[in-house]
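[1] no sequence for this one, just the structure:
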């Protein structure tokens, strides 16, 4: 099995290359000073250095639970399992559902697809439309698999967000067949307009809701979580424990300190949204100006802009040319189960400067 | 599948209970002040907050490699993969060798056995003698499995250390059948007398050597590593990446800063060895004094003291009584593939005070 295109590219490119490839947050938005203050405070407690419990420290789980409850999804710390990034959350679930069939969106998150392959899940793709998966096709697949992996908020890669109507319809189908939803929501907080209601809140007994601090605070803490029914969570414990005993204790205590000041966190989130919205708008404008043949919708949140040149251009071949000119993106075929080349591209707009965005798009245009 | 007895016990017992169960390091030996200094230094570099590369940051891998080279085992950073504790190292390897047969020591590390079960490896146990596994039995098993998991230094649970002669003989067998050794060495640095030569250094192309900072510095950083041939390591990358993208970046940068002062680390290691040796000696003396029917050898390193009451006592039944009197240990049957009750016990001696050791042994004696 091959490694992820994105991880390989990230590790191979030099400093000069303009990268629209990874899902990197903007470094200038990292609240470095506040994290340092939280760290010093956390380090007053010598307990932070010892082994901890596998599901994560109580204070952090309580803080995460409180955010769900506040949004109208009643949650206690017993519904929360701390994971080493939401990547690990996905891995734990894939291991738990090893060998099963699973319904996914197409296109979908490359990292999840690799995890499913590694754990021998058989993926069935359902076409993603502008407002979520095609409902009929979803039901046709789900009635057999009874397991689905969806990214309803500002999807990776397509930036698609499910309409309220589709959220209801999909939740109803999952209920109808008493199946399981894995709802991945690393970008839920990065909305430009409004926060969406999670599908999991309509299915508290039949869902795993995945969250992360990697996109909203800093990735290197490697802290994410799974929110689920307590009994469902318990069945994951043996896997979590086997994989790394527990997630980094120091990261968990730093986060706990940081999150104590709710207003500060809210302001920080708003700063990110404002910054990313400007970037998304600029990226879209520049595309329309420089490369109007690339059709796309302006993102409403998240970190990605997705679109297509149409069938005439193979973006997988194109990216090899782009790499020579020191600009890189992820070709759309990477997000499909069969990986047949197509004209689609995923652009990350959060990590580059305005100058790099303009320059990078011009470089791609010159490769056409 | 059941969770680990040790993790469940650790999470269930109250503050009053004297625990000889876990493999907890002594908290008073954590170099909290030095870690804080290293943290502040690390946090001057804003790079520490961003996503990192999957195999770990170069500086830390270089530092770990240098320690191997200094001990006569030539190693570069390309031979080192950073993992989220050595627990994850084990998990990655078990996933890589999924469904295979594997030769292990009996008794062996419970956590590893759970990981092997989870990844459908079929374990074959070989009796551990005072100086390592029985060579003939090992060869009989290994010639078929061609894969083995061994803990040659101050083994968990038995505290056994392989003689130089057995290290040679076992390495020769592994070479003869061109098989693979997974050498787990979390306790290698915790010697009271001398550091042993790793078996992996005799088999650089056929071995994975696992190390950890959990026992020598602090567990909550969750940083361990795999040392292996570069090509072997590459084949693990897809699994590492799938499990958590990369290990906690902040922990890695803190460690890098801390390890820059080699002399400080060496002094710290010596402090641990001195403290643990006193504890081991005291534990052994108290056992001989209070409960002479428990036969054991005084440990020469590591964190555990192992012994037996003989066949007349079922230590798995006994521990239920002990729990009521607020003292706990791990019964020997937990470390065997079939878990049939026996008269053996693993005691951790590093985490309790001298007073607790004496009191705890008296409480156990009162349950006999």
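    Looks like it came in fine. Bear in mind that the values here come from a model prediction, so they are computed numbers and not experimental data.

[2] can you pull the contacts of residue A:344?
    Residues near residue A:344 by Cβ atoms under 8 Å, 6 or more residues apart in numbering or on different chains: A:107, A:306-309, A:315, A:331-333, A:335. Every residue, glycine included, has its C-beta placed from N, CA and C.

[3] biggest strand in chain A, by residue count?
    Looking across chain A with DSSP state E, the single longest strand is strand A:122-129.

[4] which strands or helices does that strand pack on?
    strand A:101-106, helix A:110-118, helix A:135-145 (3 or more Cβ pairs under 8 Å, 6 or more residues apart in numbering or on different chains; DSSP states H and E).

[5] residue A:165 contacts residue A:135, doesn't it?
    No: at 9.3 Å, residue A:165 does not count as touching residue A:135 under the criterion of Cβ atoms under 8 Å.

[6] out of those two, which sits in the busier spot?
    Between residue A:165 and residue A:135, counting by other Cβ atoms under 10 Å in any protein chain shown, residue A:135 is the more crowded of the two (17 against 11).

[7] where does the residue of the stretch 251-368 of chain A found nearest chain B fall, secondary structure wise?
    As assessed by Cβ to the nearest Cβ, chain B sits closest to residue A:251 within the stretch 251-368 of chain A, at 5.6 Å. For residue A:251, the element it lies in under DSSP states H and E is helix A:249-259.

[8] out of the helices and strands packed on strand A:122-129, which comes closest to residue B:356?
    Set against residue B:356 and scored by Cβ to Cβ, the helices and strands packed on strand A:122-129 come closest in helix A:110-118, at 43.7 Å.

[9] any idea how far residue A:41 is from chain B?
    Residue A:41 sits 11 Å away from chain B, going by Cβ to the nearest Cβ, to the nearest Å.

[10] next, residue A:208: phi, psi?
    phi -120, psi 120 (degrees, to the nearest 10).

[11] and it, bridged to which residues?
    Beta-bridge partners for residue A:208, by DSSP bridges, are residue A:182, residue A:228.

[12] doesn't residue A:181 make contact with it?
    Yes: counting by Cβ under 8 Å, residue A:208 does reach residue A:181; the two are 7.2 Å apart.

[13] shared neighbours of those two, anything?
    residue A:200.

[14] what residues are up against the residue of the stretch 251-368 of chain A closest to chain B?
    A:221-223, B:248, B:250-251.

[15] mind putting these in a markdown table, distance to residue A:61 included?
    Shown next, in a markdown table, are the contacts of residue A:251 (distance: Cβ to Cβ, whole Å):
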| residue | distance to residue A:61 |
| --- | --- |
| A:221 | 15 |
| A:222 | 16 |
| A:223 | 11 |
| B:248 | 18 |
| B:250 | 20 |
| B:251 | 20 |
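
[16] which of the residues you listed has the largest number of neighbours?
    Ranking those using other Cβ under 10 Å puts residue A:222 first, with 31 neighbours.

[17] residues in contact with it?
    Residue A:222 is in contact with A:84-85, A:88, A:214, A:247-248, A:251, B:84, B:244-249, counting by Cβ under 8 Å, 6+ apart.

[18] go through those residues and name the one nearest residue A:236.
    residue A:88 (10.8 Å).

[19] and chain B, is the helix or strand harbouring that closest one touching that?
    Secondary structure assignment for residue A:88, by DSSP H and E: helix A:85-96. Yes: Helix A:85-96 is in contact with chain B by Cβ under 8 Å from any Cβ of the partner chain, via A:85, A:87-88, A:91, A:95.

[20] distance-wise, check residue A:271 relative to residue A:216.
    According to Cβ to Cβ, to the nearest Å, residue A:271 stands 11 Å off from residue A:216.

[21] more crowded one of the two?
    Neighbours were counted for residue A:271 and for residue A:216 using other Cβ under 10 Å; residue A:216 has more, 19 against 12.

[22] look up phi and psi at that one.
    phi -100, psi -30.

[23] ok, now how distant is it from residue A:277?
    Using Cβ to Cβ, residue A:216 is found at 15 Å from residue A:277.

[24] go on, residue A:188?
    For residue A:188 relative to residue A:277 (Cβ to Cβ), the value is 15 Å.
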